[in-house]
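K.L.:
need the 3D shape of this:
(4 chains)
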Protein chains: 2
Amino acid sequence: MHEVIKRIPLFSGLEEGMVNKISEFCRLRIFNKGDIIFFESEPYRGFYAVVSGLVKVYKISRDGREHIIHIIAPFNTFAEVPLLENLDKITDDDFRYPACSMAIEDNTKVVLVPANEFRDILKNDLNISLRMLSGLAKRLRHLNHHIEELTLKDVTKRTAAFLISVYENTSSNSKLKGSTISLSVNRSDMAAYLGTAIETLSRTLSRLQAEGIIEVTGKKIFIKNAYKLKEISLS
Amino acid sequence: MHEVIKRIPLFSGLEEGMVNKISEFCRLRIFNKGDIIFFESEPYRGFYAVVSGLVKVYKISRDGREHIIHIIAPFNTFAEVPLLENLDKITDDDFRYPACSMAIEDNTKVVLVPANEFRDILKNDLNISLRMLSGLAKRLRHLNHHIEELTLKDVTKRTAAFLISVYENTSSNSKLKGSTISLSVNRSDMAAYLGTAIETLSRTLSRLQAEGIIEVTGKKIFIKNAYKLKEISLS
DNA sequence: CGTAACCTTGATTAAGATCAATTCTCGTGG
DNA sequence: CCACGAGAATTGATCTTAATCAAGGTTACG
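P.N.:
Next up, the predicted model:
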């Protein structure tokens, strides 16, 4: 556990004593694809850090539609909000998870950081508190961006932006010529993240392919014209 | 300035010395309706707290459509993200505001909290850092909720939810019988916040009126059936 | 009062959701 | 190794919501 904790940016670089202290009360949990990590409104236990695999955080509407708010990659944390909103409170009486989360890959490993124990540390450690601030600020920026995309861009632009972001985060060195990205999510999750229907996403990808910008083979997508794709995403 | 600073929740209850120190480098600014406080991409100076009046934080699309991310009421802060994202950095070289903001009432008073000076305080004061954490967490919850509304609910439900939230935050004691709320924003801003067009919003309000749920008179709206309105917002 | 900004209503259009039918993919067992 | 079947993805047809275009009506304020 010690080694795992050290790899989480929120904790990495802390002095050994502190890492040990934190490691003591954290718990490793393993989930398979489709397993629920927590439901919305479930009593709050603490926040999580993904160690390996992939996790989605999402909301479900009354009529069963799903919207994915975040897709959490390894070494990122999620579900800190209920903890931080109520730092004063001694007991966490009625805190609940504000969304659902689910593993979307088999053998997804996550660390549970229990609220009560961590709160005590946070309230006495400026360093950790500042790290959490940075983390939350990044999350806020991401959400702002997500809202901007959803409200000001159509499905084609959002799709292009999504592909470009995967493309740019895939650190392939030869980006000038086309390269292949491999999506870590299926169409259903991609659509739920982009705020559209599976069919609409499918059509959009087909159209981008017909226009010679990408080449789709299941979860592998060959980016033939990154420049044009970027142009679409920004328009 | 001292008295103003003390009324901002982020700072209230701090010891006098600290309040004085902060007051020293903050600057009060006054804007009229329609005045820009900052543009997107403008170099970052620091964050703001609204003292009186009303401020909107918004994004503009390429083709000129506007989406309002937040409407900031007195004594709340905005634009902290660039400060917090980069606490390590000594100089804030290339930090920019990630959205635009504008006063939407005449004589809107805001306090500018300069980034460099405040960063030094923040990095040495656990108390303030914890307060900022709570503030950001609340902001995150609000954004999550905003995204949920935008993606999972239609315009009618979003409008109902907006009216109900104004209704519930207006601490009129007699909520059982109908009561009148007075919107602080015009139709254009309300539509931009709800992610719809002015005309669609207007039609939606007319329909709710025709159904006997509300009674519209400009910015005054009489809530005739709060229960039904709430029901719509949740459906 | 007069004018400009704001709001409402009507008609039309467009984007995307939904319903329906194949087709594709991939893991499993024969 | 191949055939099968279930889930995933694509494609087509149609419908719905809300955006856009256009024209009046209201309100606020000098």
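K.L.:
now for the longest helix belonging to chain A, which elements pack on it?
P.N.:
Determined from DSSP state H, the single longest helix within chain A is helix A:126-152. Judged by 3 or more CB pairs under 8 Å, 6 or more residues apart in numbering or on different chains; DSSP states H and E, the packing partners of helix A:126-152 are strand A:66-72, helix A:115-122, helix A:155-169, strand B:55-60, strand B:66-72, helix B:81-85, helix B:126-152. Backbone N, C-alpha and C define where each C-beta goes, glycine included.
K.L.:
reformat these as a markdown table; add mean neighbour count.
P.N.:
Listed next are these as a markdown table, based on neighbours: other CB atoms under 10 Å in any protein chain shown:
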| stretch | mean neighbour count |
| --- | --- |
| strand A:66-72 | 21 |
| helix A:115-122 | 17 |
| helix A:155-169 | 18 |
| strand B:55-60 | 21 |
| strand B:66-72 | 21 |
| helix B:81-85 | 22 |
| helix B:126-152 | 19 |
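K.L.:
so for B:Asp35, which of the ones you listed sits nearest?
P.N.:
strand B:55-60 (10.0 Å; CB to CB).
K.L.:
give me every residue in chain A lying close to DNA strand D.
P.N.:
By the rule CB under 7 Å from any atom of the strand, the part of chain A lying against DNA strand D is A:186-188, A:198-199, A:201-203, A:205-206, A:216, A:218-219.
K.L.:
return only those of those residues found close to DNA strand C.
P.N.:
Contacts with DNA strand C within the residues of chain A next to DNA strand D, as defined by CB under 7 Å from any atom of the strand: A:199, A:218.
K.L.:
buried among the residues of chain A next to DNA strand D? Need that as a selection in ChimeraX.
P.N.:
Restricted to buried positions by 16 or more other CB atoms under 10 Å in any protein chain shown, the ChimeraX selection for the residues of chain A next to DNA strand D reads:
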select /A:201,205
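K.L.:
which of the residues of chain A next to DNA strand D fall in strands?
P.N.:
A:Val216 (DSSP state E).
K.L.:
out of the residues of chain A next to DNA strand D, which one sits closest to B:Val55?
P.N.:
A:Leu201 (36.5 Å).
K.L.:
where does chain A have low pLDDT?
P.N.:
Scanning chain A for pLDDT under 70 picks out the ranges A:89-93, A:171-178.
K.L.:
the same query, at a cut-off of 90, please.
P.N.:
The model of chain A has pLDDT under 90 over residues A:1-3, A:12-13, A:63, A:86-94, A:169-180, A:182, A:218, A:235.
K.L.:
which parts of it belong to which domain?
P.N.:
As assigned by automatic domain parsing, chain A contains the domains A:2-135, A:153-170+A:179-234.
K.L.:
what about the longest one, distance to the chain center?
P.N.:
Meaning domain A:2-135. 12 Å (CA atoms, centre = their mean, to the nearest Å).
K.L.:
end-to-end on that domain?
P.N.:
Start to finish, the residues bounding domain A:2-135 are 21 Å apart (CA to CA, to the nearest Å).
K.L.:
repeat that for stretch A:45-56.
P.N.:
18 Å.
K.L.:
with stretch A:35-49 instead?
P.N.:
By CA to CA, one end of stretch A:35-49 lies 16 Å from the other end.
K.L.:
and chain B, is it touching that?
P.N.:
No - Stretch A:35-49 does not reach chain B (CB under 8 Å from any CB of the partner chain); its nearest approach is 10.1 Å.
K.L.:
buried residues, that stretch. List them.
P.N.:
A:37-38, A:44-49.
K.L.:
who's in contact with that stretch?
P.N.:
A:8, A:10, A:29, A:31, A:55, A:59-60, A:75-80, A:82-83, A:92, A:95-103, A:108, A:110-116, A:118 (CB atoms under 8 Å, 6 or more residues apart in numbering or on different chains).
K.L.:
same check on stretch A:3-14?
P.N.:
If you take CB under 8 Å, 6+ apart as the criterion, stretch A:3-14 is touched by A:18-19, A:22-23, A:26, A:28, A:49, A:51, A:75-77, A:111, A:127-128, A:131-132, A:135.
K.L.:
from those residues, which land in helices?
P.N.:
Filtering those for helices - DSSP H - leaves A:18-19, A:22-23, A:127-128, A:131-132, A:135.
K.L.:
give the contact list for the residue nearest to A:Glu85 when sequence neighbours are not counted.
P.N.:
Excluding its sequence neighbours, the residue lying closest to A:Glu85 (CB to CB, 6 or more residues apart in numbering or on different chains) is B:Ala137, at 4.4 Å. Contacts for B:Ala137 (CB under 8 Å, 6+ apart) come out as A:80-81, A:83-85, A:136.
K.L.:
which of those sits closest to B:Glu148?
P.N.:
A:Val81 (13.5 Å).
K.L.:
is stretch A:223-235 in proximity to chain B?
P.N.:
Yes - using CB under 8 Å from any CB, stretch A:223-235 comes into contact with chain B via A:234-235.
K.L.:
end-to-end on stretch A:107-124?
P.N.:
Stretch A:107-124 end-to-end distance (CA to CA) = 35 Å.
K.L.:
A:Ile147 against B:His145, yeah?
P.N.:
No - counting by CB atoms under 8 Å, A:Ile147 does not reach B:His145; the two are 11.2 Å apart.
K.L.:
if we can go back for a sec, buried subset of the contacts of stretch A:35-49 as a ChimeraX selection?
P.N.:
To isolate the buried members of the contacts of stretch A:35-49 in ChimeraX, using 16+ other CB under 10 Å:
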select /A:8,10,31,55,59,60,75,76,77,78,79,80,82,83,92,95,97,98,99,100,101,102,103,108,110,111,112,113,115,118
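K.L.:
re the thing from before, as CSV, the helices and strands packed on helix A:126-152 with distance to DNA strand C would be great.
P.N.:
Listed next are the helices and strands packed on helix A:126-152 as CSV, based on distance: least, CB to the nearest atom of the strand, whole Å:
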stretch, distance to DNA strand C
strand A:66-72, 10
helix A:115-122, 36
helix A:155-169, 4
strand B:55-60, 13
strand B:66-72, 13
helix B:81-85, 28
helix B:126-152, 9
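K.L.:
dig out what A:Val216 forms beta bridges with.
P.N.:
Applying DSSP bridges to A:Val216 yields these beta-bridge partners: A:Ile221.
K.L.:
quick one: contacts of stretch A:141-150?
P.N.:
Contacts of stretch A:141-150 (CB under 8 Å, 6+ apart): A:69-70, A:157-158, A:161, A:195, B:59, B:67, B:69, B:81, B:85, B:98-99, B:140, B:143-144, B:146-147, B:150-151, B:195.
K.L.:
from the chain's centre, how far out does it sit?
P.N.:
For stretch A:141-150, the distance to the chain centre is 13 Å (CA atoms, centre = their mean).
K.L.:
and what of stretch A:134-142?
P.N.:
Centre-to-centre, stretch A:134-142 and its host chain are 12 Å apart (CA atoms, centre = their mean).
K.L.:
re the thing from before, export the contacts of B:Ala137 to CSV and tack on distance to A:Asn169?
P.N.:
Below are those laid out as CSV (distance: CB to CB, whole Å):
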residue, distance to A:Asn169
A:Glu80, 23
A:Val81, 25
A:Leu83, 28
A:Leu84, 27
A:Glu85, 30
A:Leu136, 21
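K.L.:
quick check: chain neighbours aside, which residue is closest to A:Ile30?
P.N.:
A:Lys109 (5.4 Å).
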